[in-house]
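Engineer: sharing a model that was predicted from the sequence below.
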There are 4 protein chains.
Amino acid sequence: MSGVHTIMPTPFTPDGRLDEESLASLTRFLVAAGVQGVTVLGFLGEAHKLSEAEQDVVVTVTVQAAGGRVPVFAGASAGGVRVSVERGLRFVELGASGLMVAPVSPEPAVALAQYRQLDEALAGSGGRVPVIVHDYPASTGVKVSAETLARLHAEVPSVTTVKLEDPPTGPKLSAIKRHAPGMSVLGGLGGLYLVEELARGADGVMTGVSYPELLLGAVRGAADPDPQTRQSAFAEYRKAAAFLAFEFQPVVGLALRKEVYRRRGAIAHAHVRAPGAQLDADLARELSDQLAHLHAVRPDLTGVPTA
Amino acid sequence: MSGVHTIMPTPFTPDGRLDEESLASLTRFLVAAGVQGVTVLGFLGEAHKLSEAEQDVVVTVTVQAAGGRVPVFAGASAGGVRVSVERGLRFVELGASGLMVAPVSPEPAVALAQYRQLDEALAGSGGRVPVIVHDYPASTGVKVSAETLARLHAEVPSVTTVKLEDPPTGPKLSAIKRHAPGMSVLGGLGGLYLVEELARGADGVMTGVSYPELLLGAVRGAADPDPQTRQSAFAEYRKAAAFLAFEFQPVVGLALRKEVYRRRGAIAHAHVRAPGAQLDADLARELSDQLAHLHAVRPDLTGVPTA
Amino acid sequence: MSGVHTIMPTPFTPDGRLDEESLASLTRFLVAAGVQGVTVLGFLGEAHKLSEAEQDVVVTVTVQAAGGRVPVFAGASAGGVRVSVERGLRFVELGASGLMVAPVSPEPAVALAQYRQLDEALAGSGGRVPVIVHDYPASTGVKVSAETLARLHAEVPSVTTVKLEDPPTGPKLSAIKRHAPGMSVLGGLGGLYLVEELARGADGVMTGVSYPELLLGAVRGAADPDPQTRQSAFAEYRKAAAFLAFEFQPVVGLALRKEVYRRRGAIAHAHVRAPGAQLDADLARELSDQLAHLHAVRPDLTGVPTA
Amino acid sequence: MSGVHTIMPTPFTPDGRLDEESLASLTRFLVAAGVQGVTVLGFLGEAHKLSEAEQDVVVTVTVQAAGGRVPVFAGASAGGVRVSVERGLRFVELGASGLMVAPVSPEPAVALAQYRQLDEALAGSGGRVPVIVHDYPASTGVKVSAETLARLHAEVPSVTTVKLEDPPTGPKLSAIKRHAPGMSVLGGLGGLYLVEELARGADGVMTGVSYPELLLGAVRGAADPDPQTRQSAFAEYRKAAAFLAFEFQPVVGLALRKEVYRRRGAIAHAHVRAPGAQLDADLARELSDQLAHLHAVRPDLTGVPTA
């Protein structure tokens, strides 16, 4: 796995129902933007606030809207291994190209058993698909070592990739690449450390940045053999850092990103399900200000979103 | 609400499937033991490791097995308020007499909005049922004050009760009773502090103790006008404390309690779903030893379980 | 290391000053009770609320009061390794027979470097003394594996012992004994799981139980070759479980234990330094009730403390 | 309180001793840079890894080096209120102009008692000095509400200021200003949200950014009546965001900032005390790259630090 994969938010109507049309148009928006893949049902996707039926709809609608142009990955983390596997199989059945699953325990033996169970279930039904280990201790409470990640990759065929969100990501990324050179490592954390991650050998990035164009420029640049071109791509990326930090804020970050998508015409409403902070007038004003700055320093970005 | 309400584990077969027969027999076992109610889909019930379909089956089977002899409460906590309400309505539809829901936030306004939303949904469908606030910070990460609990009771008609598991429970229980004399307070935490809770005015207890007889004796005794009888009931209860502390151990406690039910003939298997510790030979031996001691000091308990 | 080692509280006057006389009399009280050692400056000793000068006084006074009849261990955990080592050397200089230090990191390499630094500093000054690894994740936030504990014992000469307070303690204790048969393991956690710990091979217990007589009976019994005597000692110990659980409560436990020592005549005041809960009238009443029960079921305990 | 206050790191020699010369030269460096104040013994200052004697030296040396040109604030947070007060009085005696203290509890009554005790002790000895409430839940584990902060300001004369590091800071800052218009609010969190904080009425910033020039430009700009000048100052500040995010990384951030000061000639060594990550070759390379970018986009910054 490589390139830019966008973690998609789940759009809702103002009264909190799943907004399937917005989900489809957001998918098309991202495909048009040129991302290499999209991922639904992550933490940002409010997967934990969706019913199972809604989760199924999210996968179905996104797969259909993607139309085979990019793969759709689906988050299948759950409180128990059995339900996680069950959900994962269902998502694959509905068209998901791969799964993203967080480890349920820091203990190597327990984590290994978990991914093996998923792997065997996949092999035994429609066939293996890539499984991404979601390494995000701040959200899951589970901190696995680089050695354990390498073992998961070595011993479980489906485990091809880790989405690395255990900061500081640089040293851990280097350690994973040392222990498991063949394991794909994707950056995350709102793209805040993307330049350093790419320079250390990250294969791409999987995060919820609402301007995937920014990530695409950095990832494309990193792959260029010409050092000058690389540096210039990184410099362009860094110009957007104020915006990236702003939209990655705790608690209100999701509402901000939904609002960007709304202003860009990709979704109809910025509603966030409770408990979750909604946008207020102050935040909206700050967002407008940040976007004005972003477009000023990155005039290549098209379509200045207005309020 | 008052009396003894048992938080039920969810029985599984050795390969991890829901064991409906054991669920029914466990329900009948508890009814026969004389409890005032049972609660399914709590944390101990591995609700977070069940699919929605399985949760529905758990409620249905338990309600049917209870046969109206005791009320069945159902846990409806969820990552998002909307799904929590949806699940709650469904459980009531399936026969649950009330719901148990943890607050999603320590902020009074957010918690109030949450329980109001549930209350209005209940009022708007089949009618209000009692809602128990599950105050268990160690498990939920959310710590609400006695004042907030009192406000929930005062402002939301359905909120009749709190299951108090924020130790030290004594001072908080007294504070709740001061702020909201009409709110039912049920003890929890494996019955470890039950005597003190009852002496401070607790209305009963809702916990997973595998010998509900113990809880019944204490609660009955506490209601007796004769101080001598009270003291004697409490003394009897305290004899079981070593066992209560043993079966309330972190990580392995659930496996121990399932094993007790198995030995007592109430369920067929002690299997715990992953991730979750299973019983091993050492723990089984320790349990046998504890049970031998329990029956020695409390010869009134019937049927010494053998391994 | 083996036997019963009491974690001592630090007595204060009602206005919060260090009460040296009570410290000395408490030490003599414990020596007279027959414990094999005492430990000052643990978490229960409010070490984190003492100035360095006060810490030094605590060690000095306790060592003097012990008068060589039992060893005095001193807690030397600190935010940084350098200060921890500095404090440790100072305590040894003041007469401490050994040190108790919590690991600063779950990473084996970092923990090893920490204990090696302490070991070398000890070897380079007055000579090595036993170092106890304090394994108490709930208080330190650091969770080390049985394997790491075994490595600390194998590679650092001073590290002779672990005070195990990572529940469930049984399985971890067995794992440590498997990996490092020569490492002393002492139980803790208020003695709640002591019977199981001794049965699995624990060498003793180091905790703050305010009736060390209880612990002494269990530890002595466990060493008896006669199974009948063992069982009977364990049965006696289990009778006290209600009291042990009561005085081990979060937040208010320290005030309760100080009050017991006060009632037993060992210290003059039960004051706890802020932030820390003081005893109130309700808790005092509950304590009286628990003590009455304790002495009723264990008439061998001398001197019923009155309020 | 207003303007830019730098949280100072504590410089050490490569073998971990306090480097007093570097401490003095760093102070002079910051005074020359034009900051309105400096703060020692914060979390970034590794206060928790210093002995009391070292803490005293840090205050003394810094006060002397500042020479009255800027105030020196000192962190006096501690595990217990009594030691915190004792340390605070000592720091004032040694010349500190004010104190920074974190709340010991989220409960309003306990926090109020804590700051009152400090306030009365100050009033009773040399006289009151400004006390800054350090609101940093991620580090202290204590989360206080805007209402509680306002009460501390209203009821405790010394409490003039809050250093706000509870993200998202924008909404909380507005709430504090609503409840306590007279309370100074300083931003923190590495300056990541400074523009928004200033726009919402923050009085300044107190953080460890290793280029205080950046903060000074933003704060000065924010005070300008001309909107154009404001916007331009904010735009300049945002150009540095990639660097700000890089040096604010968890775990390795302190080593990075020390290295910047070293390269800028302000201190002699970048050593961090254990446990704490040191700079390695990869991080040093990344830092060089970030600095090159920073100076490219902000050519007004003087003296490009070389490795």
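Structural biologist: Nice, I can see it.
Engineer: distance between the ends of stretch A:136-147?
Structural biologist: End-to-end distance for stretch A:136-147, by Cα to Cα, to the nearest Å: 16 Å.
Engineer: do it and chain D meet?
Structural biologist: No. On the criterion Cβ under 8 Å from any Cβ of the partner chain, stretch A:136-147 is out of touch with chain D, staying 9.5 Å away. The way it works is simple: take the backbone N, C-alpha and C, and place the C-beta from them, glycine included.
Engineer: what's the answer for stretch A:258-270, then?
Structural biologist: No. Shown here: stretch A:258-270 not in contact with chain D (Cβ under 8 Å from any Cβ), separated by at least 14.2 Å.
Engineer: chain A: strands as residue ranges?
Structural biologist: A:3-7, A:37-40, A:72-75, A:98-101, A:131-135, A:159-164, A:184-187, A:204-207 (DSSP state E).
Engineer: export these to CSV and tack on distance to chain B?
Structural biologist: Shown next, in CSV, are the strands of chain A (distance: least, Cβ to the nearest Cβ, whole Å):
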stretch, distance to chain B
strand A:3-7, 17
strand A:37-40, 16
strand A:72-75, 13
strand A:98-101, 13
strand A:131-135, 15
strand A:159-164, 17
strand A:184-187, 24
strand A:204-207, 21
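Engineer: residue C:30: which of those is closest?
Structural biologist: strand A:131-135 (48.1 Å; Cβ to Cβ).
Engineer: please name every helix or strand in contact with that closest one.
Structural biologist: Strand A:131-135 sits against strand A:98-101, helix A:108-124, helix A:146-155, strand A:159-164, with contacts defined as 3 or more Cβ pairs under 8 Å, 6 or more residues apart in numbering or on different chains; DSSP states H and E.
Engineer: just want the residue of the stretch 1-150 of chain A that's nearest chain D.
Structural biologist: residue A:138 (9.5 Å; Cβ to the nearest Cβ).
Engineer: contact partners for residue A:91?
Structural biologist: By Cβ atoms under 8 Å, 6 or more residues apart in numbering or on different chains, the residues touching residue A:91 are A:41, A:55, A:56, A:59, A:74, A:76, A:99.
Engineer: count of neighbours near the residue of the stretch 1-150 of chain A closest to chain D?
Structural biologist: Residue crowding around residue A:138 was assessed by other Cβ atoms under 10 Å in any protein chain shown; the count is 14.
Engineer: for it, which non-adjacent residue is closest in space?
Structural biologist: In this structure, residue A:138 finds its nearest non-sequential neighbour in residue A:165, 7.4 Å apart by Cβ to Cβ, 6 or more residues apart in numbering or on different chains.
Engineer: same deal with residue A:77?
Structural biologist: Going by Cβ to Cβ, 6+ apart, residue A:77 has residue A:102 as its nearest residue, at 4.4 Å.
Engineer: how many neighbours does the one you found have?
Structural biologist: With other Cβ under 10 Å as criterion, residue A:102 counts 25.
Engineer: helices of chain A, start to end?
Structural biologist: Assigned by DSSP state H, chain A shows helices spanning A:20-33, A:52-66, A:81-93, A:108-124, A:137-140, A:146-155, A:169-179, A:194-199, A:212-222, A:227-238, A:241-247, A:253-263, A:281-297.
Engineer: same list (the ones you listed) but as CSV, adding mean pLDDT.
Structural biologist: Listed next are these as CSV, based on pLDDT from 0 to 100:
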stretch, mean pLDDT
helix A:20-33, 98
helix A:52-66, 98
helix A:81-93, 98
helix A:108-124, 97
helix A:137-140, 94
helix A:146-155, 98
helix A:169-179, 98
helix A:194-199, 98
helix A:212-222, 97
helix A:227-238, 97
helix A:241-247, 98
helix A:253-263, 98
helix A:281-297, 97
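Engineer: just to check, residue A:52 is in contact with residue B:52?
Structural biologist: Yes. Taking contacts as Cβ atoms under 8 Å, residue A:52 lies within contact range of residue B:52: 5.0 Å.
Engineer: that older thread, TSV please, covering the helices and strands packed on strand A:131-135 and showing distance to residue D:34 and mean neighbour count.
Structural biologist: TSV is the format used below for the helices and strands packed on strand A:131-135 (distance: least, Cβ to Cβ, whole Å; neighbours: other Cβ atoms under 10 Å in any protein chain shown):
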stretch	distance to residue D:34	mean neighbour count
strand A:98-101	48	26
helix A:108-124	52	18
helix A:146-155	43	20
strand A:159-164	39	25
